[in-house]
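sequence and computational prediction follow.
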Amino acid sequence: MVSKGSIGRIVLIVLILILFSFGAGFFFLREQYLYTVLLLLFDLIYLFRLIKIYTQTNKTIALFFEAARNNDTTLTFQSSKNKSLQALYEGMNNLNKHIQQIKLRNEYKEKYYKALIQQSATGIVVLNEHNEIELINEITCQYAGISSASTNMKLLRIKNEAFYNVLCNVVPGQAITFKNILNDSAQLLLFSASEIRNEEHMLKLISIQDIRQELDEKELESYQKLISILTHEIMNSIAPLTSISKTLYDFYIKDGEPVKPLDVNEVIVNTTVQGLKAIEEQGEGLMNFVNSYRRLTKIPNPVLRLFSINEWIEQLRILFTEKIVTNHIEFEIEIEPHLQFITADKNLINQVIVNLVNNAIDSLLQIETGRKIKLSISKNKGNRIIIKVSNNGPLIPMELQEKIFIPFFTTKENGSGIGLSLSRQILKQHKGSIDVVSTPTDGTIFTLEL
């Protein structure tokens with residue numbers, strides 16, 4: 001910003017000051033006071049000139065930085081006859097233009113991101129440490145039933161206190177579902193929050209989604225699957241009953257009239273007995289199916305208690321000892337060190353594990369040697385309990401890995417099709433999950449997260 005010419009001028013002035021100072025001293029020693037005074041006057045003139053250059057430069061720089069501190073980019077410096085100041089002014093003006101361009105780009109970006117946020121189908125709210133709104137988009141205002149022109153928390157609390165409470169209470173890392181009633185219309189809103197830092201302040205970023213339609217679609221799909229399965233099972237049970245009843249009816253009704261007792265021979269009687277027996281068995285099968293459905297829809301609420309992992313595993317080991325030994329199966333148990341207790345409904349979780357181990361045994365009976373089941377218990381990074389039941393039996397095809405959790409879907413000849421569906425519901429009641437992965441390298445692994 002300072003030219004070579006301006007530096008040369010300053011150096012020249014300093015040299016002149018030194019030269020005049022020596023000259024004044026020289027004439028003073030010779031008692032030629034007139035020359036001494038003249039040289040000192042010239043010295044003062046050049047000294048004031050140097051001070052003027054210095055102070056003017058400092059004032060210019062101070063003015064520039066003060067404008068920059070106040071975000072004022074309109075400041076421009078006019079041309080000067082002083083070459084040193086002209087170079088400084090040009091440098092300051094160029095820097096100012098560069099700052100203006102950066103500021104303009106940032107303003108464009110800010111407008112762009114604000115437009116994106118406003119047009120987003122997801123509700124977005126940013127609250128500061130005092131639960132005051134820093135940013136809110138249009139869809140959130142619609143959810144809350146307030147005007148976008150008057151977005152303050154006091155008004156929001158007056159208009160929709162329940163919505164206000166969820167905004168204030170949702171914790172970063174947490175998700176809350178909230179049924180929002182607005183203008184006689186119900187919405188199921190999912191609130192999730194995270195923390196962001198803005199300069200020295202922590203802000204809470206909250207996203208809001210209406211998941212009602214998505215859940216309705218999934219619920220409808222589940223109902224359609226369930227109805228399809230129920231229809232299939234009931235029709236499979238009723239069709240033989242109808243056929244047998246028609247056959248027996250034809251034995252005893254001829255031309256619309258009952259046959260005479262003398263015409264009923266031993267063959268007809270035996271066939272009738274067999275038919276009635278088949279009807280009884282088919283009816284029992286239908287009753288069992290209905291009872292299975294009833295079991296699936298009436299799972300008791302879990303009673304959460306702390307229980308010992310080692311004691312529970314020992315009970316499981318005793319329960320399966322005979323089957324394991326008889327079928328030559330290796331049963332490996334692995335528990336993470338220092339993991340001693342689980343908080344869950346022991347009876348319900350035990351029901352899930354027993355079902356999975358029994359399924360694993362059934363699967364292993366399809367191979368001749370090297371049969372192995374592994375039960376492992378550990379904790380993940382989120383401090384959740386992970387239980388895995390794996391086996392090296394035949395793999396579950398990819399297209400069946402999700403279907404096996406559908407009620408009444410089964411690949412077994414005499415299976416009820418409710419075991420895994422029941423297991424998934426039990427895990428959901430524990431706010432957990434159950435999934436399956438079946439690969440050639442790892443075999444079939446059922447993973448429970450509690």
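All right, it came through fine.

pLDDT (mean, whole number) over the helix or strand residue 96 falls within?
Using DSSP states H and E, residue 96 sits within helix 83-119. Across helix 83-119, the average pLDDT comes to 77.

continuing past that helix, what's the next helix or strand?
For helix 83-119, the following helix or strand on the C-terminal side (DSSP H and E) is strand 123-127.

buried ones in the following helix or strand past that next one, by neighbour count?
The helix or strand immediately downstream of strand 123-127 is strand 133-136, counting by DSSP H and E. In terms of neighbour count (16 or more other C-beta atoms under 10 Å), strand 133-136 has its buried residues at 133, 135-136. Placement of C-beta: from N, CA and C, glycine included.

do stretch 175-192 as well
Residues of stretch 175-192 classed as buried by neighbour count (16+ other C-beta under 10 Å): 176, 178, 180, 187-192.

off-centre distance for that stretch?
Computed by C-alpha atoms, centre = their mean, to the nearest Å, the chain-centroid distance of stretch 175-192 equals 18 Å.

what residues does it touch?
123, 143, 145, 160, 162-163, 166-167, 169-170, 174, 206-212, 215 (C-beta atoms under 8 Å, 6 or more residues apart in numbering).

strands of the stretch 351-450 of the chain, start to end?
Taking DSSP state E, counting those that start in this stretch as the test, the strands found in the stretch 351-450 of the chain are 372-379, 385-391, 433-439, 443-449.

quick one, the first one and strand 443-449 angle?
Going back to what we said before, that points to strand 372-379. Relative orientation of strand 372-379 versus strand 443-449 (axes from the mean of the first three to the mean of the last three C-alpha atoms, to 10 degrees): 30 degrees.

now the second one
For the pair strand 385-391 and strand 443-449, the angle between their directions (the same axes, to 10 degrees) equals 160 degrees.

direction included, what does strand 385-391 pair against?
Paired with strand 385-391 in the same sheet, following DSSP bridges, are strand 372-379 (antiparallel), strand 443-449 (antiparallel).

quick one: the lengthiest strand in the chain to strand 123-127, angle?
Criterion DSSP state E: the longest strand present in the chain is strand 185-198. Strand 185-198 and strand 123-127 are oriented at 40 degrees to each other (the same axes, to 10 degrees).

neighbouring strands - and their directions - for strand 185-198?
Its sheet considered, strand 185-198 pairs with strand 175-182 (antiparallel), strand 201-210 (antiparallel) by DSSP bridges.

for residue 245, find the nearest of those.
Nearest of the strands paired with strand 185-198 to residue 245, taken as C-beta to C-beta: strand 175-182 at 49.9 Å.

state the mean pLDDT of that closest one.
In the prediction, strand 175-182 has an average pLDDT of 80.

one more: stretch 215-223?
What stretch 215-223 shows for mean pLDDT is 67.
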